[in-house]
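> Sequence and predicted structure, then a few things I'm wondering about:
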Amino acid sequence: MRLDVVTIFPEYLEPLNVSLVGKARARGQLDVHVHDLREWTYDRHNTVDDTPYGGGPGMVMKTEPWGEALDSALADGYEAGARGPVMVVPTPSGRPFTQELAVELSERPWLIFTPARYEGIDRRVMDEYATRMPVYEVSIGDYVLAGGEAAVLVVTEAVARLLPGVLGNAESHRDDSFAPGEMANLLEGPVYTKPPLWRGRDIPEVLLSGHHGKIARWRRDEAFRRTARNRPDLIERCEAAAFDKKDREILSILGWKPSEDGRFWRRPQAVEE
Ligand code: 6GU
């Protein structure tokens, strides 16, 4: 997969040299190109922003540097044999970045990221490139960052670990919290390793039992507990058909009831402890 990032802070992308993404680059599984947007400015101050038409606070990133930088990155990529680009525009007004979108992006051969500072990029830039390639405007959550660079790191890490051969074992993705699929989407429960006793704290006995059926059931129960506490919306979203008899038992213990529409619900004020 080829990645291009156009930014006014190339050094912000240094973490792409580290850890899983860094190793994927070293192995040739990821071909990363970071470009400095200011190389595509021609005035003394390397201006990339200007005041918004219509007034209002803040500054808007100008069309011309983005147009030239993106044309150049695209030309470089095509020349190097890359095909099928998609543009990924990090913005708090984008669609939510989910595991499903990470899977979708991991299936594309070429991602071009355009992290912005200030109040965002002149709309005409996205409209222009949308005539040539799919453009995904994505938000990584309901909070506002000072710029899109941190979001590029987030999206890149989520996508890179899905690429064939980047994680040791292809099975590793199947149990990811939020993995798309038929299964109820539960958060993963707690995990433990040696030593068996630490500061007076031991390991749940079932995990030492060697009884795989009981261990799987315990893990699923713990996943329900954690999901009910931290993300009740994930349980509300599930078709009741996703739950087996034991699931229904644990849900009932946690205060959930089946309703007409085939989903489960819980009195909003019920807090499990
Ligand atoms: Cl992608 N960018 C910025 N600036 N803020 C965000 C975001 C992105 N996602 C959530 N907040």
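Looks like it arrived, so ask away. Only a predicted model underlies this, so the values are computations on that prediction, with no experimental measurement involved.
> residues from this protein in reach of the ligand?
90-92, 138-141, 143-145, 147-148, 151 (Cβ under 6 Å from any ligand atom). Where C-beta positions appear, they are placed from N, C-alpha and C, glycine not excepted.
> Apply 5 Å and report the result again.
Proximity of the chain to the ligand (Cβ under 5 Å from any ligand atom) is limited to residues Pro90, Pro92, Ser139, Ile140, Gly141, Leu145, Gly148, Ala151.
> just checking, the last one touches Ile140?
Yes: in this structure Ala151 lies within contact range of Ile140 using Cβ atoms under 8 Å: 4.7 Å.
> list residues touching both of these two?
In terms of Cβ atoms under 8 Å, 6 or more residues apart in numbering, Ala151 and Ile140 are both contacted by the residues Pro90, Phe97.
> So which of the residues of the chain next to the ligand wins on neighbours?
Gly148 (29 neighbours; other Cβ atoms under 10 Å).
> Let me see the contact set for it.
Val89, Pro90, Thr91, Phe113, Thr114, Pro115, Ala116, Arg117.
> circling back: please list the members of the residues of the chain next to the ligand that lie in helices.
Ala151 (DSSP state H).
> mind giving me CSV with the residues of the chain next to the ligand and columns for pLDDT?
Listed next are the residues of the chain next to the ligand as CSV, based on pLDDT from 0 to 100:
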residue, pLDDT
Pro90, 98
Pro92, 97
Ser139, 98
Ile140, 98
Gly141, 98
Leu145, 97
Gly148, 98
Ala151, 98
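> what sits against Ala240?
Pro258, Gly262, Arg263, Phe264.
> Please tell me how far it sits from the ligand.
33 Å (Cβ to the nearest ligand atom, to the nearest Å).
> now swap in Gly67 and tell me
21 Å.
> Can you classify that residue as helix, strand or coil?
Classification of Gly67 using DSSP: H, G, I helix; E, B strand; the rest coil returns helix.
> could you point out the longest helix in this structure?
helix 212-230.
> same question for that helix, mean pLDDT?
The pLDDT scores in helix 212-230 average 97.
> Identify each buried residue in that helix, please.
Arg217, Trp218, Arg219, Arg220, Asp221, Glu222, Ala223, Phe224, Arg225, Arg226, Thr227, Ala228 (16 or more other Cβ atoms under 10 Å).
> Would you tell me which one of the residues you listed comes nearest to the ligand?
Thr227 (23.1 Å; Cβ to the nearest ligand atom).
> I figured that closest one hits Glu188, correct?
No: look at Thr227 against Glu188 with Cβ under 8 Å: they stay out of range, at 9.3 Å.
> what helix or strand does the closest residue to Asp221 other than its chain neighbours sit in?
Take Asp221 and drop its neighbours on the chain: the residue closest to it by Cβ to Cβ, 6 or more residues apart in numbering is Ile250, 5.0 Å away. Following DSSP states H and E, one finds Ile250 within helix 245-253.
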